[in-house]
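**Q** This is a predicted model, with the sequence first.
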Amino acid sequence: MFAYLKTGIDGLDGILAGGIRYPDDSAAFACIAGGPGTGKTLLALEMITRAFLDGEDGSTYLYYSVEHSPESLRRKIESDFDWFRRGVTVTAMPREVPGKLVLEATTRKGTSTFILTQARAAALQKPSARGTTVDIEWMLAEITNHHLATPVAMVCIDNVGLLLTDLAYFEKRAALLEVRRQLLDLKIHGIFVMEEASPRDLRLPSAEEFSTDLMLHLSFREEASDFKIRALEILKARHQYYYRGIHHFSIAGRGITRDIYLGARNERGPGIHIYPSVAAQLSIARDQAEFKVPRRGDTTIDLGHPELNAAFLNGTGPSAFSSTVLLAEPGTRGTLMALRFLAAGLRQNERVLLVSTREDRDAIRRICQREEALRSACLAEDGNFHPDFRVLYLHPEFISPGKFTWDIVRLIEGGHGNQGDRPVARFAFDNIYRLQERFPLLTEQKFLVTALLDMLRYRQVTPMFVDMTPPCSKSDRTEFDPSPYLVGYDNVIQLSANDGDRSQPRFRVLKSVGNDFVMDSQPIDWRRV
């Protein structure tokens, strides 16, 4: 049988399909490798700190670092990460031994202890240096002594490579492997942090020698305009299924807000945030649904405009959970039609979300004030947006595709705000035209939108997307191929500024799965109620 060690880190448990899996008669062991400055120490520190803050009564957590003093590590967690806002009381005990700091946390489970120790390998000290040499043998003995006195839940050693720069290299290497064996025998979870070395460099033990359950590799990847983003890859997860590929992550400090717009510098809490790739997110959604694709609704929905609704015949029309795209030519009111679609949901007490790359929040509010069809549904009495109407303006940023879709889905699930956990029922995206120009890292925008459509369906959301198309009239016809939209969406509606010599705006239903609709183009009055 197997057990799971949950890391509590946003996204990491997701790509591990629940956490680090290990035999229930043993313990989990992870190696974190990467180049300088990639975030190895922060990831390891957060993993053990989150375990400490959720530790069982009487449990002990040991952290050894060659490069960082215990006090600097405590300040990092307390100041930058704010103890992850757990609502726990953490107390630093009086210092009794140089290079060691003992922290105690009072949690809902009781009291747990976190001991931060600065390793002082003999090779890093001058012959005349004062203090204890804290090397691998010393750690091995201390882990055993602590375990005899109180349960040790987790041990982290950062950076193991610096502990091997000793004349007695092979003895130290054997001792390091013995630490792993002892952790396994004592059923103590372990984390080793390793500086990335050349594959030809045989000084460091390999992950296989450590009998690693989980091997994480952190790096910087150079993207558009020489912009470097943080990337994480699972090189090995011995006992479990995991989502392969390159996943991006970010590091957020203290003082951020939860009610945010999407962006590279905006997170939902302090600490490390890992964003699975778009392909992994789609696989996660399918796995969670056990590959049972949700049915679309059986009843028709109000599209928000009477003339759009009237274009469907015999009581048919788009149903709940079906996807719709508006192909808006220049001069048409695609934004207004998306807002009317959301307003129809608000009148039915649904929670709705608008994500816009075209108009900011103030512009959307002004549109809602001016339009009679929107005013009462979208705005509250004080002139602000209705509590169930969420509006996000996407600022141009360097944001990874994984974070882009991950944040949108979390918003739809009810997160990123103080309005409870009520999920979104209707979602509108205005405008998806050439997203990569506003977000240079979204190089595969077509797959991104297609994957997002599937993820929305798994979450039982009714979406509407707006895209811009070139003008198409009888007098000045531009070639436009709607086939990509006809393949990806359930309902495709084209908005035209005019038809031939007539200046009246018109629309035409190009596709609607399972419905009867008028084939010819129809006139439309944008403001008709």
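**A** On my side now, so go ahead.
**Q** Just the element for residue 147, please.
**A** Using DSSP states H and E, residue 147 sits in helix 136-149.
**Q** The next helix or strand after that helix packs against which elements?
**A** Next along the chain after helix 136-149, taking DSSP H and E as the criterion, comes strand 152-158. For strand 152-158, the packing partners by 3 or more CB pairs under 8 Å, 6 or more residues apart in numbering; DSSP states H and E come out as helix 40-53, strand 60-65, helix 136-149, helix 169-185, strand 189-195. Backbone N, C-alpha and C define where each C-beta goes, glycine included.
**Q** re earlier: contacting residues around the helix holding residue 147?
**A** Helix 136-149 has contacts (CB atoms under 8 Å, 6 or more residues apart in numbering) with 60, 62, 64, 115, 117, 119, 132, 152, 155, 157, 163, 172, 175-176, 178-179, 182-183, 186, 188.
**Q** Buried residues in it, which are they?
**A** 136, 137, 138, 139, 140, 142, 143, 146, 147 (16 or more other CB atoms under 10 Å).
**Q** and the angle from it to strand 152-158?
**A** Counting by axes from the mean of the first three to the mean of the last three CA atoms, to 10 degrees, helix 136-149 lies at 160 degrees to strand 152-158.
**Q** what are the phi and psi values for residue 516?
**A** phi -100, psi 130 (degrees, to the nearest 10).
**Q** tell me the contacts of the closest residue to it other than its chain neighbours?
**A** Closest residue in space to residue 516, ignoring its immediate chain neighbours: residue 313 at 4.1 Å, by CB to CB, 6 or more residues apart in numbering. The contact partners of residue 313, taken as CB under 8 Å, 6+ apart, are 516, 517, 518.
**Q** re the thing from before, could the buried residues of helix 136-149 go into a markdown table alongside pLDDT and distance to residue 22?
**A** Converted to a markdown table, these look like this (pLDDT from 0 to 100; distance: CB to CB, whole Å):
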| residue | pLDDT | distance to residue 22 |
| --- | --- | --- |
| 136 | 84 | 23 |
| 137 | 84 | 26 |
| 138 | 86 | 27 |
| 139 | 88 | 22 |
| 140 | 88 | 21 |
| 142 | 91 | 23 |
| 143 | 92 | 18 |
| 146 | 93 | 21 |
| 147 | 91 | 18 |
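**Q** hmm, back to that, out of the contacts of residue 313, the closest to residue 386 would be?
**A** Here the nearest of the contacts of residue 313 to residue 386, counting by CB to CB, is residue 517; it sits at 30.8 Å.
**Q** and that closest one, how many neighbours does it have?
**A** When neighbours are counted by other CB atoms under 10 Å, residue 517 registers 20.
**Q** Does it touch residue 311 like I think?
**A** Yes. Counting by CB atoms under 8 Å, residue 517 touches residue 311, with 5.4 Å between them.
**Q** what residues do those two have in common as contacts?
**A** In contact with both residue 517 and residue 311: residue 509, using CB under 8 Å, 6+ apart.
**Q** Low-confidence stretches in the protein?
**A** 85-86, 121-132, 165-169, 197-211, 224-225, 255-262, 264-265, 415-421, 472-479, 499-502 (pLDDT under 70).
**Q** which residue is nearest the middle of it?
**A** residue 275 (3.7 Å; CA atoms, centre = their mean).
**Q** That one bridge partners, please.
**A** Counting by DSSP bridges, residue 275 forms beta bridges with residue 248.
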